[in-house]
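Colleague: quick check, what structure comes out for this input:
(one chain, ligands or ions: 2)
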Amino acid sequence: MGGEWGQSVICPESAQEWTQVGQDLLDMDLGAITKYSALHAKPNGLILQYGTAGFRTKAEHLDHVMFRMGLLAVLRSKQTKSTIGVMVTASHNPEEDNGVKLVDPLGEMLAPSWEEHATCLANAEEQDMQRVLIDISEKEAVNLQQDAFVVIGRDTRPSSEKLSQSVIDGVTVLGGQFHDYGLLTTPQLHYMVYCRNTGGRYGKATIEGYYQKLSKAFVELTKQASCSGDEYRSLKVDCANGIGALKLREMEHYFSQGLSVQLFNDGSKGKLNHLCGADFVKSHQKPPQGMEIKSNERCCSFDGDADRIVYYYHDADGHFHLIDGDKIATLISSFLKELLVEIGESLNIGVVQTAYANGSSTRYLEEVMKVPVYCTKTGVKHLHHKAQEFDIGVYFEANGHGTALFSTAVEMKIKQSAEQLEDKKRKAAKMLENIIDLFNQAAGDAISDMLVIEAILALKGLTVQQWDALYTDLPNRQLKVQVADRRVISTTNAERQAVTPPGLQEAINDLVKKYKLSRAFVRPSGTEDVVRVYAEADSQESADHLAHEVSLAVFQLAGGIGERPQPGF
Ligand SMILES: CC(=O)N[C@H]1[C@@H](OP(=O)(O)O)O[C@H](CO)[C@@H](O)[C@@H]1O
Ligand SMILES: [Mg+2]
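Modeller: Ligands and ions are numbered 1, 2, ... in the order given. Here you go, the predicted model:
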């Protein structure tokens, strides 16, 4: 999300007088907070919003936000009596950008009410900062006497180290304790938070703990696979010139018995996310630069903070095939379902997608696999939340961000089955037990998902082409339209229908009718100042036409600015 200058954000003002919370804060040396805050001064008039993925903008505008998120993490930690995470990253954004997001006690995204507090605190002018801190503490009944603990991680951007130091300044000035993990992938930080708040039951809150837990599960699983052979078990990984390269290199020897990985775009020369990485590959539907691909070789790309993954290959005719989050969800859910059938457990399993999921994937999941599919708004927090409703919830965004969640009852049942059942059933239960350990249940995780996928392919003896052939994606196109104020577009039905501006949905309906197997929707982005357009149809030409026509409708009816959308891509 770009920083906006002068646009207001409404923060409710409290009319209350100094209360006990205010007094406690005064006791905490407001002078020090003021003094340190001045060292991390907010540029006048800059307004930022805590969006789908926290704050994101040019790194040079973020120092005050980092300091203040350090303060907020302390308040959240005191309120929840738990460890809170702060991750400094801007994921797939260009190298000059940066960002920050808070991680809640069970490794999940920050609660929505606290997102609002984050926005208010980040936008408060210097003289109002203390008032806002007191307001938040009062509204959330924060006991300021409570201890606070914050863990911090950062990606490899040149600006990240200094910015994470500003987070630490914020934490310490409010008397919080902290542990700085330094360089971590985003999902590794989520994992650390989850481990620390579950007394180590989820795993050890160290980088070795993470490597060991995942690798042990992976090696156990691949030992059960009947086929082997070097070519089969090797994978090319495009690391987007980001943190994923460092961490995969550190981890590689832990699982090398089961898989050999060849790293590309490892940050030694190229620029972060530039012409490479999962976001580039997914949105351009072509391979990254800096990776040589032979036909039928299995390849994958991580994004800049390694929480997303997509797979791809070139067929014998040199055609590029993308295997996105939808196909990953399909592979995973069908494997889990087969294991449950084998064990004889009838647990409810659900797949959660967004409107961006390819229509073919939804049809395949519902009609062939007979798995219930649910659609939520864009943003992993929505998918994660929905997936928690099932015994086993598999969620993926089409762009490759996702994981599987297992209820505590399921985990216990499977553990028991692995001990009590016999022969084939026991083997299946054991597999399920390991696969549960291999998933990062706190957040979508490129490294963990990669190992899950590699294990499933090995166990099922599937080639990348066979996996790809489960169903054929409907041709699709995504476009962006610039408008004066994207908030004029509001949506319903998990963002699949526009409610405002008037006439837009009717226009889309009329355009969609012109094509076969077609679908289209528009929504304001939560991370960029654009309206996103999505269209799919029976041919690429039709999908492209439809997307273009819908873009024109948005431009005309929703206040387009700049050049009218042009056909051709
Ligand atoms: C179409 C698309 O890929 N949207 C992305 C993008 O959100 P937008 O709200 O569409 O800008 O960034 C989000 C955060 O990374 C990610 O969760 C989401 O999937
Ligand atoms: Mg990311």
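Colleague: surely residue 213 is in contact with residue 203?
Modeller: Yes: between residue 213 and residue 203 there is a contact under CB atoms under 8 Å: 4.5 Å. C-betas here are computed from N, CA, C, even on glycine.
Colleague: and the stretch 1-150 of the chain, which residues reach ligand 2?
Modeller: Taking CB under 5 Å from the ion as the measure of proximity, the stretch 1-150 of the chain contacts ligand 2 at residue 91.
Colleague: if I look at the residue in the stretch 1-150 of the chain that ligand 1 sits nearest to, how far off is residue 207?
Modeller: Minimum separation of the stretch 1-150 of the chain from ligand 1 (CB to the nearest ligand atom) falls at residue 53, amounting to 3.9 Å. Per CB to CB, to the nearest Å, residue 53 is found 23 Å from residue 207.
Colleague: out of those two, which sits in the more crowded spot?
Modeller: residue 53 (26 against 18; other CB atoms under 10 Å).
Colleague: surely that one meets residue 100?
Modeller: No: Residue 53 is not in contact with residue 100 according to CB under 8 Å; the separation is 9.8 Å.
Colleague: are we agreed that residue 521 is in a strand?
Modeller: Yes: under DSSP: H, G, I helix; E, B strand; the rest coil, residue 521 sits within a strand.
Colleague: neighbours around the residue nearest to it when sequence neighbours are not counted, how many?
Modeller: Excluding its sequence neighbours, the residue lying closest to residue 521 (CB to CB, 6 or more residues apart in numbering) is residue 496, at 5.0 Å. Counted by other CB under 10 Å, the residues lying close to residue 496 total 18.
Colleague: pretty sure residue 496 contacts residue 354?
Modeller: No: in this structure, residue 496 is not within contact of residue 354 by CB under 8 Å, at 9.4 Å.
Colleague: where do the contact lists of these two overlap?
Modeller: Common neighbours of residue 496 and residue 354 (criterion: CB atoms under 8 Å, 6 or more residues apart in numbering): residue 375.
Colleague: quick one: end-to-end distance for stretch 349-366.
Modeller: Start and end residues of stretch 349-366 are separated by 12 Å (CA to CA, to the nearest Å).
Colleague: how about residue 98, phi and psi?
Modeller: The phi/psi pair for residue 98 (degrees, to the nearest 10) reads phi -150, psi -180.
Colleague: host element of residue 280?
Modeller: helix 278-284 (DSSP states H and E).
Colleague: in that helix, what counts as buried?
Modeller: Across helix 278-284, burial judged by 16 or more other CB atoms under 10 Å covers 278, 279, 280, 281, 282.
Colleague: can you check stretch 396-413 too?
Modeller: 396-407, 410-411, 413.
Colleague: show me the residues you listed that map onto helices.
Modeller: 410, 411, 413 (DSSP state H).
Colleague: now the last one: how far from ligand 1?
Modeller: Per CB to the nearest ligand atom, to the nearest Å, residue 413 is found 32 Å from ligand 1.
Colleague: also the first one?
Modeller: Distance check for residue 410 against ligand 1: by CB to the nearest ligand atom, it reads 26 Å.
Colleague: look up phi and psi at whichever residue of the chain sits closest to ligand 2.
Modeller: Taking CB to the ion, ligand 2 has its nearest neighbour within the chain at residue 91, 3.2 Å off. Main-chain torsions, residue 91, degrees, to the nearest 10: phi 50, psi -110.
Colleague: tell me the secondary structure for the closest residue in space to it that isn't next to it in sequence?
Modeller: Closest residue in space to residue 91, ignoring its immediate chain neighbours: residue 305 at 4.7 Å, by CB to CB, 6+ apart. What three-state DSSP gives for residue 305 is coil.
Colleague: returning to that earlier point: of all the buried residues of stretch 396-413, which comes closest to residue 162?
Modeller: Ranked by distance to residue 162 (CB to CB), the buried residues of stretch 396-413 are led by residue 401 at 27.5 Å.
Colleague: picking that back up, hmm, the residue of the chain closest to ligand 2 is touching residue 303, no?
Modeller: Yes: under the criterion of CB under 8 Å, residue 91 makes contact with residue 303 at 5.8 Å.
Colleague: fine by me, thanks again.
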